[in-house]
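**Q** Only the shape, not the letters, is given here:
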């Protein structure tokens, strides 16, 4: 008996030993690899950098613009994107220690910094970041991480010198509704509901299908976009994610605690009760939602342009211009100011980082710096001269064919590469001009106005406006945000603030959805119990920490 | 599987035996007192069985490398684990993560949902699989039987992503089910299946049953194939109908298999995964859809709290072991086949 055990344990020890030796040998082998430094890369002999983008989609780096980039820099990108939800990719990356060369991790960047997965860029910018320095100028401070660790880890994502010539408003309404009702003025929820009701009564069906007066998309993370955000927007609260922040004092409140938001959801609850809200708003998938919008039977949405782009293009391609949407400055009442055109300043925060394990950090940085150059910005924004745009009288003019495709072909950007490599790389905003004084992006106000479809132009004429933004309080009146936007803050992962917010977000998504779909008589009670639950999870503590974060950011940026 | 099937067979041949020990994996041979081990005896027996030992060696190795060595990672649950440091350079925090876990109301909700859906899945999964196997077993037209069996286990190979989409589409307000019910005049207004939290457990169980019945029936069918035909003949002589034969011969003959599978499945009760719940769930039913694995994903790995996630994993293993011990003890008491 004893000898059996002894033999067995010896045997296991031997196995363990063999296994460990095997492992350590392997790691020694790999560490001797990785030569090829100081090599010159060119179009013929390009260097491939892996690039992970949290907002990426499946695409290879072979369109005409990509080829031009490779020609100029000798760099090719191997573009990686999150598969199946984007929440776990970065944590798994950290756990495996296997990083791509360039990482666009959005809010997860703080995890990478904490894990030492990305490098500080301060010295590189100082040494050879001339283009980046020219682009960011004195805004460079906004790229800094936190007050305790004021280094720069990322560059990019948001346009420098942004201008506000377009907005998605708090709601968007079908142009045909405006035309049919004789171009009414829609400023408050009351006007909005009246317009929808009137049109719905006239046309209970569109093209043989049931008309849906208002449709939301509350089944995935877009709940925050189509349900959470409009609630704050109608109350005149600037876009700070889940927070309502006093820009002067820095005081932050979890926004669903506010009575204004309750008022909005109560209205939605009423809409549902009256049958004006699409009953599948919280269960249909994104694809179903887009196909509903594309069919032209949804009268209004509470969404952002970037989320419904495909539907918009499909409608134009089908010749249903009157079924496309116009943004509305709807608020709870006249006393609230729509923040649709709010200038958040250059918010820094998210951006592209270079991984600490990359064997080509220098090249990666040079590539990012080149992307910030005027040459690169014109290439990525406009495409290739002679193919996508011409120079007429010394000015860049987009080709008619390209303009058309841009408006009604969802694959235009993906196929040609025009506009595909602007976000999330370092980029100039819509207000920036090049060394000849011409706009760097094709999104100048003139271009935006030219790009409106025929129906949009007709409606604008009826309202005697040039652009939808004429409906909104102008940017100058709203002032520039001192703290950027709260969702860009770098919050330590696993911290109490993050956990409380996650729990609060999960709770509010469920409770508010249930309250909206519930009986109006029970709405108040449902809301009260949600507030109680929020307080029970110590939301007060999160408010305090968020206030402190805001104050820190303002100190870091020198805007306090 | 064949091991189990054989056990069924073995038992049916000697129906008088009340307790049959079912060896799983590496059953250590119990020594009878007459074979008192001495050095010579051990080596002799070892060399006698060297072929068998060699054959089982790869699996022992596999077990050690993939099942035992990773247990070392459990120390993470007692640390404040940061992946950039080595396992031994971490800060030790003792039972803190477990305290956090047991203080968390969400965890208890997740536990309730996991066990609820686990039990439902186990009960209905077992009953339908046995029922289906019984019916298939009675079919005498072999070609039809084979086809039915193949078609019925095909859904097992379809990914949950696709199954969830089919289920959601079928149950939507203008989906097939609602159209059918309305067409038959059973209901006047479409039922919002996917937005009723009370229906969620049922929907998950039904989808699971549809997907897995055919697959789970295979093992029972194999056991039934081993039942001695003489028993049926004897029953027929005594005038037993087909139903009587199923009840008095087929089912008792495969009782040991059923119990062993039940014990193993109960041990896995808490490991029901999260794909079904994540893919079929939405914000309205989220309260009923939150399961432990999903909780570990969102509040553990997803938030970079590896230690917290590991603590959840340990908790799950402990619960599994306790459940298995209880069931095994129960099986022992009623004198049926058991796992160890």
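**A** Now that the structure is in, tell me what you want to look at. Since we're looking at a predicted model, the values are computed, not measured.

**Q** which parts of chain B sit against chain A?
**A** Applying C-beta under 8 Å from any C-beta of the partner chain, we find that chain B lies next to chain A at B:37, B:39, B:42, B:61, B:64-65, B:69, B:82-84, B:106, B:165, B:168, B:172-173, B:192, B:194-195, B:282-284, B:286-287, B:297-299, B:301-306, B:308. Quick note: C-beta positions are derived from backbone N, CA and C, even for glycine.

**Q** wait, residue A:240 sits on residue A:485?
**A** Yes - when contacts are counted by C-beta atoms under 8 Å, residue A:240 is listed as touching residue A:485 (5.6 Å).

**Q** Identify the residue nearest the residue sitting nearest the centre point of chain B in space, chain neighbours excluded?
**A** Taking C-alpha atoms, centre = their mean, the centroid of chain B lies closest to residue B:265, which sits 3.5 Å from it. Take residue B:265 and drop its neighbours on the chain: the residue closest to it by C-beta to C-beta, 6 or more residues apart in numbering or on different chains is residue B:122, 5.5 Å away.

**Q** Now do the same contact list for that neighbour.
**A** Residue B:122 makes contacts with B:262, B:265-266, B:269, as judged by C-beta atoms under 8 Å, 6 or more residues apart in numbering or on different chains.

**Q** name the element the residue in the stretch 401-550 of chain A that chain B sits nearest to belongs to?
**A** Residue of the stretch 401-550 of chain A nearest chain B, by C-beta to the nearest C-beta: residue A:493 (3.9 Å). Assigned by DSSP states H and E, residue A:493 belongs to no helix or strand.

**Q** Could you find the closest non-adjacent residue to it?
**A** residue B:304 (3.9 Å).

**Q** how about the spatially closest residue to residue A:184 that is not a sequence neighbour, phi and psi?
**A** Closest residue to residue A:184 apart from its sequence neighbours, by C-beta to C-beta, 6+ apart: residue A:195 at 6.1 Å. With angles defined as degrees, to the nearest 10, residue A:195 sits at phi -60, psi -50.

**Q** in the chain, what spans have low per-residue confidence?
**A** By default, I'm working from chain A. Residue ranges of chain A with pLDDT under 70: A:1-40, A:84-87, A:347-349, A:560.

**Q** wrong one, chain B
**A** B:1-39, B:336-340.

**Q** Could you rerun that using 50?
**A** B:1-33 (pLDDT under 50).

**Q** In it, which residue sits nearest chain A?
**A** Counting by C-beta to the nearest C-beta, chain B gets nearest chain A through residue B:304, at 3.9 Å.

**Q** Just to check, that residue is in contact with residue A:111?
**A** Yes - Residue B:304 is within contact range of residue A:111, at 5.2 Å (criterion: C-beta under 8 Å).

**Q** Find residues that contact each of those two.
**A** What both residue B:304 and residue A:111 touch, as defined by C-beta under 8 Å, 6+ apart, is the set A:91, A:94, A:493.

**Q** Count the residues that sit near the residue nearest to residue A:184.
**A** 22 (other C-beta atoms under 10 Å in any protein chain shown).

**Q** Report the contact partners of it.
**A** Residue A:195 touches A:173, A:177-178, A:181, A:184, A:186, counting by C-beta under 8 Å, 6+ apart.

**Q** Surely residue A:557 and residue A:143 touch.
**A** No - counting by C-beta under 8 Å, residue A:557 sits too far from residue A:143 to count as a contact (10.1 Å).

**Q** Compare those two (neighbour count), which wins?
**A** residue A:143 (25 against 20).

**Q** okay, how far is it across stretch A:230-239, tip to tip?
**A** Length of stretch A:230-239, first residue to last, C-alpha to C-alpha, to the nearest Å: 9 Å.

**Q** right, is that stretch up against chain B?
**A** No - judged by C-beta under 8 Å from any C-beta, stretch A:230-239 and chain B are separated, with a smallest distance of 14.7 Å.

**Q** ok, for residue B:128, nearest residue in space, not its chain neighbours?
**A** Nearest non-adjacent residue to residue B:128 (C-beta to C-beta, 6+ apart): residue B:213, at 4.7 Å.

**Q** Quick check: PyMOL command selecting the buried ones in the shared contacts of residue B:304 and residue A:111.
**A** Entered in PyMOL, the line below selects the buried ones among the shared contacts of residue B:304 and residue A:111, by 16 or more other C-beta atoms under 10 Å in any protein chain shown:
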select buried, chain A and resi 91+94+493
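
**Q** Looking at the shared contacts of residue B:304 and residue A:111, which one is closest to residue A:128?
**A** Using C-beta to C-beta, residue A:94 comes nearest to residue A:128 of the shared contacts of residue B:304 and residue A:111, at 28.4 Å.

**Q** which phi and psi does the closest one have?
**A** phi -70, psi -40.

**Q** which non-adjacent residue is nearest it?
**A** Per C-beta to C-beta, 6+ apart, closest to residue A:94 is residue A:115, 4.6 Å.

**Q** Tell me, how many residues neighbour that neighbour?
**A** Residue A:115, neighbours per other C-beta under 10 Å, totals 22.

**Q** Let me see the contact set for residue 125.
**A** No chain specified, so I'll use chain A. Residue A:125 neighbours (C-beta under 8 Å, 6+ apart): A:132-133, A:140, A:152, A:155.

**Q** Sorry, I should have been clearer: chain B.
**A** Taking C-beta under 8 Å, 6+ apart as the test, what residue B:125 contacts is B:208-209, B:212-213, B:216, B:265.

**Q** What of residue A:353?
**A** A:102-105, A:109, A:112, A:118-119, A:121, A:153-154.

**Q** Skip the chain neighbours and tell me the closest residue to it.
**A** Once flanking residues are discounted, residue A:353 sits nearest to residue A:118: 3.9 Å by C-beta to C-beta, 6+ apart.

**Q** May I have the phi/psi pair for the closest residue to residue B:93 other than its chain neighbours?
**A** The shortest distance from residue B:93 to any non-neighbouring residue, by C-beta to C-beta, 6+ apart, is to residue B:80 (5.2 Å). Torsion angles at residue B:80 (phi, psi; degrees, to the nearest 10) stand at phi -100, psi 80.

**Q** Quickly check: stretch A:513-533 near chain B or not.
**A** Yes - using C-beta under 8 Å from any C-beta, stretch A:513-533 comes into contact with chain B via A:513-514, A:517.

**Q** how deep is the residue lying closest to residue A:204 once chain neighbours are set aside tucked in, by neighbour count?
**A** The spatially closest residue to residue A:204, leaving aside those adjacent along the chain, is residue A:211, at 5.7 Å (C-beta to C-beta, 6+ apart). For residue A:211, the count of nearby residues is 19 (other C-beta under 10 Å).

**Q** Spit out the contact partners of residue A:211.
**A** Residue A:211 sits in contact with A:199-200, A:203-205, A:297, A:299, where contact means C-beta under 8 Å, 6+ apart.

**Q** again, 7 Å this time
**A** By C-beta atoms under 7 Å, 6 or more residues apart in numbering or on different chains, the residues touching residue A:211 are A:200, A:203-205, A:297, A:299.

**Q** Ok, residue A:124 next?
**A** Here residue A:124 is in contact with residue A:365 (C-beta under 7 Å, 6+ apart).

**Q** ok, now how distant is it from chain B?
**A** Distance, residue A:124 to chain B, by C-beta to the nearest C-beta, to the nearest Å: 22 Å.

**Q** Residue A:557 too?
**A** Applying C-beta to the nearest C-beta, the value for residue A:557 to chain B is 26 Å.

**Q** quick one: that residue and residue A:141 touch, right?
**A** Yes - taking contacts as C-beta atoms under 7 Å, residue A:557 lies within contact range of residue A:141: 5.5 Å.

**Q** Restricted to strands, list the contacts of residue A:353.
**A** A:102-104 (DSSP state E).

**Q** if we can go back for a sec, who has more neighbours, residue A:240 and residue A:485?
**A** Using other C-beta under 10 Å as the criterion, residue A:240 and residue A:485 rank with residue A:240 on top: 24 against 20.
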